[in-house]
Every structure is written in C-alpha cells, then in structure tokens.
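> need a structure here:
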Amino acid sequence: MPSIVCNMLYMLCVLYMFTSKYSNIVNTMQVLTFTNRKGGTGKSTSAWAVAHCLAHSGHRVLLVDCDPQMNLTQALPTISQDKSLTQILDGSLSFPQAMQSVGTNLWLVPASPSLAAAEKLLGTDAMYPLAFKNPIGDLHKLVDFVIFDTGPSPNSALAMAAITASDRVYIPTTPEYFAFNGLESLLDLISRIQKNFSPGLRVGGVFLTKYAKSYRKSLHHQFVEVMQQHSSLSSLLMESTIRDNVSVAEAQVNQQSLYDWAPQSAALQDYEALTQEILHKK
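Take a look at the predicted model:
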C-alpha cells in the first residue's frame, strides 16, 4: 500500500509540474515593437494591421502609441484623451488603468497632444530606457500581446523605452536607398539595448512594405537583392511582403479595421500572412 501511495503522489507531482509549466506557456505575454529610423515605411500601419489580425484570431491585444504624431491613435475609434501614455509617464495611471477598448479583443493606450512634452521630460531621467519594462508586467493576465508603435527616431526616449521593454522588434522598410541606409545603425542600436538593458530582446524580422515581386520597378528589386545578400540582413528578411493598397488609408480614415472596411483586399491578405509568420517564426 505505501508504494501505491508513493506512486500516486509522484504522478500528482508530475501532473502539477506539467500543468503549471503549460499554464505559464499559455499565459506568456509577448511584447512587440514596430520601428524604423525612416518615416513612411509603414510602422504605424503595420502595428495597426497586425494587432487587428491577432485580435481577429482570438488573441487579446494592447496597442501602445509611442509616437507624438498620434497616427495610430487617429486610425482607431475615438477614445478619451484623459487616459493616455502621458498619464503613465507621469505616474498617475498604470497600463491597465490607461488601456481603453477600441474593438473586440483590442485595446489602446493612446498618444495625446501632451506626449511630446512628456517625452522631453522622460529624456531627462537617466533610467528612461526602462520606463516601460517593469510597468507592462501588470498586463500579463489581461492581454496576450502588447504592440508598441514608435516614431521615426529609434533614439528618442519613447522608442528606446519601447524597444527595451520588448521581446521582439519588427522593422518595416521600403525597398529604397534611404530606408535601407539606416537599417545597419538601427540593428546596432538594438544590439546595444540588448547588451545593456534587455538580454532577451531580439530582432523578429525585417519585412518589405509597398513592395511585391510582381512589381515592375527594377530598382526596387535590385535593393531587395542587396538585402538578401547582406551579411546582417539576409537572415532577418521575412517572407511576407506588403503590397501598396489604397484600402489601408481608406480604412484608417474611417477608423475601421480592414476586416470591416475591405475584407477581400490584398492588404488584408498580406498582413494576415505577416501575422502568421510572426506567430510561427522561431
């Protein structure tokens, strides 16, 4: 009888360890940032579209608008400006208190007109890169993904804080010289953040926007070939590319998702493919 009891206790312990481990895996929150040194590459649009794709597939997603230009905030349903990223930075609100619903499974911490001044103040704090890293821990039971959208300067205080808090950074880029030119320095910045503040940080991938293999602009294809042969970039270049599509701008102006505005659009097909690649990329 004692041996039977011991065996049962052993099995219960194994079951507990397995279920606890599995539970942690299921409840692990992932933090993603979309960034680039150049404007117009599709950072805000990609954050917006990928968040909608994740939410549509059942994941709970929080978007955080770290760009004082407020493009992401303006592309989503209008919400209160009294609960914004500024209030998180000044300590009057936590992330859970500031998040507001903008759709099924989708929440937003908006940018506000006061964010530019708040960012300048944040930059005076010697520990500003860690501004989000610990506070977002309060979200792990509420959401599955946190997605930061940043402004066009990764060296800005808000972008640095977002990258430092992230698990993975995704870099949208157009196949043009000026967009390509800053990628190496951006990768170097991410590497330094990883070394000094966030050992678990990694680049999830670089993906092309306003591009498709079927496009006839030979210069674009030449830049893609250069990226594919580049020692640092080739392993990071993702399979998914995002075609230029007017449906994106129309949906954003009307503060609707692509699922509501243009469910058959090429843009939605491309962003769904990108989202799946993000989910399954090791």
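> neighbours of residue 201, how many?
20 (other CB atoms under 10 Å). All C-beta spots, glycine's among them, are computed from the backbone N, C-alpha and C.
> try the one 5 residues further on
Applying the criterion other CB under 10 Å, we find 24 residues in the vicinity of residue 206.
> hang on, it is in a strand, isn't it?
Yes. Counting by DSSP: H, G, I helix; E, B strand; the rest coil, residue 206 is part of a strand.
> which residues in the chain form strands?
30-34, 61-65, 100-103, 106-109, 145-149, 168-173, 202-209, 237-242 (DSSP state E).
> quick one: these as CSV, columns for mean pLDDT and distance to residue 196 too.
Conversion of those to CSV gives the following (pLDDT from 0 to 100; distance: least, CB to CB, whole Å):
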stretch, mean pLDDT, distance to residue 196
strand 30-34, 98, 17
strand 61-65, 98, 22
strand 100-103, 98, 33
strand 106-109, 98, 26
strand 145-149, 98, 19
strand 168-173, 96, 15
strand 202-209, 95, 15
strand 237-242, 94, 26
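> just send these back as TSV, with distance to residue 227 too.
Output for the strands of the chain, formatted as TSV (distance: least, CB to CB, whole Å):
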stretch	distance to residue 227
strand 30-34	18
strand 61-65	28
strand 100-103	34
strand 106-109	32
strand 145-149	23
strand 168-173	8
strand 202-209	8
strand 237-242	6
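> which one of those strands lies nearest to residue 120?
strand 61-65 (17.1 Å; CB to CB).
> residue boundaries of the helices in the stretch 151-282 of the chain?
Ranges of helices in the stretch 151-282 of the chain, per DSSP state H, counting those that start in this stretch, are 157-165, 177-181, 183-196, 218-229, 246-253, 258-261, 266-280.
> low-confidence stretches in the stretch 51-200 of the chain?
179 (pLDDT under 70).
> and the strands of the chain: which comes nearest residue 78?
Minimum separation from residue 78 across the strands of the chain (CB to CB) falls at strand 100-103, 9.0 Å.
> show me what counts as buried in the closest one.
By 16 or more other CB atoms under 10 Å, the buried positions in strand 100-103 come out as 100, 102-103.
> do the same with stretch 62-79
For stretch 62-79, by 16+ other CB under 10 Å, it's 62-68, 70-73, 75-76, 79.
> and these, which of them are in helices?
71-73 (DSSP state H).
> closest one of these to residue 250?
Nearest to residue 250 among these: residue 71, at 15.2 Å, using CB to CB.
> which neighbouring residues are in contact with the closest residue to that closest one other than its chain neighbours, exactly?
Spatial nearest neighbour of residue 71, chain neighbours left out: residue 44 (4.3 Å); criterion: CB to CB, 6 or more residues apart in numbering. By CB atoms under 8 Å, 6 or more residues apart in numbering, the contact list for residue 44 reads 34, 67, 71-72, 75, 149.
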